[in-house]
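Trainee: Next come a sequence and a model predicted from it.
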Amino acid sequence: MNHTEAKETVQKEIKYPFPTDFWWGSSASATQTEGTVEGDGKGPNIWDYWFEQEPNRFYDGVGPAKTSGFYTRYKEDIALMKEMGHNSFRFSISWSRLIPAGTGAVNQKAVEFYNAVIDELRQAGIEPFVNMYHFDLPMALQEHGGWVNRETVEAYVKYANTCFELFGDRVAKWFTHNEPIVPVEGGYLYDFHYPNELDFGKAVQVAYHTVLSSASAIQSYREKGYNGKIGIILNLTPTYPRSQHPADLRAAEICDAFFNRSFLDPSVTGEFNPVLVELLTKDGYLPSMLDGDREMIRQGTVDLLGINYYQPRRVKARESLPNPDAPFVPEHYFDYYVMPGRKMNEMRGWEIYEKGIYDILTNVRLNYGNIECFISENGMGVQGEEKFRNEQGMICDSYRIDFIREHLKWVQRAISEGSNVKGYHLWTFMDNWSWANAYKNRYGFVSVDLANDGQRSVKQSGYWFKQVIEQNGF
């Protein structure tokens, strides 16, 4: 058999092929990977501050200073990405590292660091996808109200413009926010992010200002004539009703409006979801707006949509009346539903439902103009992965391979039906610090041995993914 015949045989074996130039890679964030090094000039963000105040809220008492050390080991990490076949990698810029007080002076050491990372990625043949905000507000801005305060929108746009000016000549994929619903939920509805307030009115204002900041930064990027694409990354969680009963269907529609369409609609269509507007009007929670805002949001729609998918959301009609004296939350309108027989990642407590990724992509194709998109996060967190190490020292994470493969089958099906999906990034490249969960659940292709100076070793899934990339399918 000659080389050409051998190549054709391999091609025939590929049951799930992906388009040429598909973006294969992984995602990470600044606060979760960089760590803090004495003299690096970084200002405190809300995570640094919260850990200082309440270290007991963080798993094993591990805070953001002790993350995976990407700040000092980026060359080693990027070399591993190259070895694993990545052609793209999404990371975030830390606002408080670049502009320590949130506004004002730029930290030159941060400029040098991000320049070096971008250049190193490009030299390795890996396209940098840069996200500008991943839950990590500079503490100096939080002290003045954070995203509740409209001045944070102005500060964010100045910060975004600084990023474009410094790195826009080498970065052609920009993202304004990652999972913007999460700081709304965590900080103002459910007490799992700082500032740990339970205030629905503030939650709505934070969401509104975040939408406005994204649209304003996108408008600014376009006005300055940069030659790239700019978008947003949303965690879209498909909402499934318990049944086709009208009350269950309405519960799912409302849940979807709060958690998905609140950011998806304005980001892609430039308009707010009518169901959400109707509910906020009825309950007296419309945000405060200024003249010109709506036009800015209409104009500032995205070029590219990042989609993060982990698990579905299942709901049913409420079975009891809400406590009239309790803080108002979206669950005023629905109850969560546990589907019998669901498949679970028991260690994370999340349902595994691979078809959800297809349902999201189909919804985007049919209802959002089939906008160019990619899977910007998908992944499986597992506790105690050390027990899966073999004699050679490699973590044999066949469960992660199964998880990725079964999701990719549905992505491939969506592509075959016309979805404009351009890539797949796993969360995450290497095990990282995960907010209040610290290092409890591991998600990486690469293991980070905290007890052994953060030593890196590629897991079985990393080698499997490399093969997928080489064949552009499986």
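Mentor: Noted; the coordinates are in hand.

Trainee: So, low pLDDT: which residues of the stretch 1-150 of the chain?
Mentor: For the stretch 1-150 of the chain, residues meeting the criterion pLDDT under 70 lie at 1-12.

Trainee: Swap in 90 and give it another go.
Mentor: Scanning the stretch 1-150 of the chain with the threshold set as pLDDT under 90 gives 1-13, 66-67.

Trainee: all helices in it, in order from the N-terminus.
Mentor: Listed in chain order, the helices of the stretch 1-150 of the chain (DSSP state H, counting those that start in this stretch) span 3-13, 30-33, 46-53, 70-83, 95-98, 108-123, 139-142.

Trainee: Of all those, which one is nearest residue 225?
Mentor: Closest of these to residue 225 is helix 108-123, at 20.0 Å (criterion: CB to CB). From N, CA and C alone the C-beta is placed, and that goes for glycine too.

Trainee: just checking, what packs against that closest one?
Mentor: helix 70-83, helix 95-98, strand 127-131, helix 151-167 (3 or more CB pairs under 8 Å, 6 or more residues apart in numbering; DSSP states H and E).

Trainee: Now that helix: buried residues?
Mentor: For helix 108-123, the neighbour count (16 or more other CB atoms under 10 Å) marks 109, 110, 111, 113, 114, 117, 118, 120, 121 as buried.

Trainee: what's near enough to touch the fifth one?
Mentor: Right, residue 114. By CB atoms under 8 Å, 6 or more residues apart in numbering, the contact list for residue 114 reads 93, 98, 166, 167.

Trainee: Please tell me how far it sits from residue 70.
Mentor: 11 Å (CB to CB, to the nearest Å).

Trainee: With the first one instead?
Mentor: Distance, residue 109 to residue 70, using CB to CB: 15 Å.

Trainee: cool, the third one as well?
Mentor: Relative to residue 70, residue 111 is positioned 16 Å away (criterion: CB to CB).

Trainee: so which of the buried residues of helix 108-123 comes closest to residue 181?
Mentor: Compare each of the buried residues of helix 108-123 with residue 181 using CB to CB and the shortest gap goes to residue 114, at 26.4 Å.

Trainee: Not counting its neighbours along the chain, what's nearest residue 250?
Mentor: Leaving aside its sequence neighbours, residue 250 sits nearest to residue 317 (CB to CB, 6 or more residues apart in numbering; 7.2 Å).

Trainee: can you count the residues close to the one you found?
Mentor: 19 (other CB atoms under 10 Å).

Trainee: report the longest helix in this structure, please.
Mentor: As assigned by DSSP state H, the longest helix anywhere in the chain is helix 200-223.

Trainee: can you state the direction angle for the helix or strand following it and strand 127-131?
Mentor: Following helix 200-223 in sequence order, the next helix or strand is strand 229-235 (DSSP states H and E). Orientation check (axes from the mean of the first three to the mean of the last three CA atoms, to 10 degrees): strand 229-235 against strand 127-131 gives 60 degrees.

Trainee: Give me the contacts around strand 229-235.
Mentor: 90, 131, 172-182, 214, 217-218, 221-222, 260, 263-264, 267, 302-310, 372, 376-377.

Trainee: Show me what the helix or strand just after it pairs with in its sheet, parallel or antiparallel.
Mentor: The helix or strand immediately downstream of strand 229-235 is strand 239-241, counting by DSSP H and E. Strand pairing for strand 239-241, determined by DSSP bridges: strand 313-316 (parallel).

Trainee: Name the residues that touch the strand it pairs with?
Mentor: Contact with strand 313-316 is made by 237-243, 248, 251-252, 255, 259, 334-339, 351, as judged by CB under 8 Å, 6+ apart.

Trainee: can we see that at 10 Å?
Mentor: Surrounding strand 313-316, the residues in contact under the criterion CB atoms under 10 Å, 6 or more residues apart in numbering are 237-243, 245, 247-256, 259-260, 331, 333-339, 342, 351, 353, 356.

Trainee: Now, of these, which are buried?
Mentor: 237-242, 248, 250-256, 259-260, 331, 333-335, 337, 351, 353, 356.

Trainee: Mark which of these are part of strands, please.
Mentor: Judged by DSSP state E, strands contain the following of these: 239, 240, 241, 335, 351.

Trainee: Could you identify which of the helices and strands packed on helix 108-123 is most buried?
Mentor: Of all those, helix 95-98 carries the top mean neighbour count, a mean of 26, counting by mean count of other CB atoms under 10 Å.

Trainee: what packs against that one?
Mentor: Using 3 or more CB pairs under 10 Å, 6 or more residues apart in numbering; DSSP states H and E, the elements in contact with helix 95-98 are helix 30-33, helix 46-53, helix 108-123, helix 139-142, helix 151-167.

Trainee: before we move on, back to that, kindly reformat the contacts of residue 114 as a markdown table and extend each row with distance to residue 361.
Mentor: Listed next are the contacts of residue 114 as a markdown table, based on distance: CB to CB, whole Å:
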| residue | distance to residue 361 |
| --- | --- |
| 93 | 28 |
| 98 | 33 |
| 166 | 34 |
| 167 | 30 |
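
Trainee: Those: which two are farthest apart?
Mentor: Maximum pairwise distance among the contacts of residue 114 (CB to CB): 10.0 Å, between 98 and 167.

Trainee: can you list residues touching both of these two?
Mentor: The overlap between the contact sets of residue 98 and residue 167 (CB under 10 Å, 6+ apart) consists of 111, 114.

Trainee: Turn the helices and strands packed on helix 95-98 into a markdown table, including distance to residue 277.
Mentor: A markdown table is the format used below for these (distance: least, CB to CB, whole Å):
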| stretch | distance to residue 277 |
| --- | --- |
| helix 30-33 | 33 |
| helix 46-53 | 29 |
| helix 108-123 | 39 |
| helix 139-142 | 28 |
| helix 151-167 | 20 |
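
Trainee: my hunch is that residue 457 is in a strand, does that hold up?
Mentor: Yes. Residue 457: assigned to a strand according to DSSP: H, G, I helix; E, B strand; the rest coil.

Trainee: show me what contacts it?
Mentor: 80, 389, 392, 393, 394, 395, 430, 446, 447, 448, 449.

Trainee: Can you report how many residues neighbour residue 306?
Mentor: 27.

Trainee: Revised request: answer the last question for residue 391.
Mentor: As a measure of burial, residue 391 has 5 neighbours, counting by other CB under 10 Å.

Trainee: Residue 308 now?
Mentor: By other CB under 10 Å, the residues close to residue 308 number 21.

Trainee: What residues does the residue lying closest to it once chain neighbours are set aside make contact with?
Mentor: The shortest distance from residue 308 to any non-neighbouring residue, by CB to CB, 6+ apart, is to residue 377 (3.7 Å). Residue 377 sits next to 26-28, 90, 178-179, 233, 235, 306-310, 424-428, 443 when contact means CB under 10 Å, 6+ apart.

Trainee: likewise residue 149?
Mentor: 141, 142, 143, 155, 205, 206, 209.

Trainee: Mind giving me the PyMOL command for buried ones among those?
Mentor: Buried subset of the contacts of residue 149, written as a PyMOL selection, criterion 16+ other CB under 10 Å:
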select buried, resi 141+142+155+205+206+209
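
Trainee: can I get the contacts of residue 149 in a markdown table with distance to residue 435?
Mentor: Converted to a markdown table, these look like this (distance: CB to CB, whole Å):
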| residue | distance to residue 435 |
| --- | --- |
| 141 | 19 |
| 142 | 16 |
| 143 | 21 |
| 155 | 23 |
| 205 | 23 |
| 206 | 17 |
| 209 | 22 |
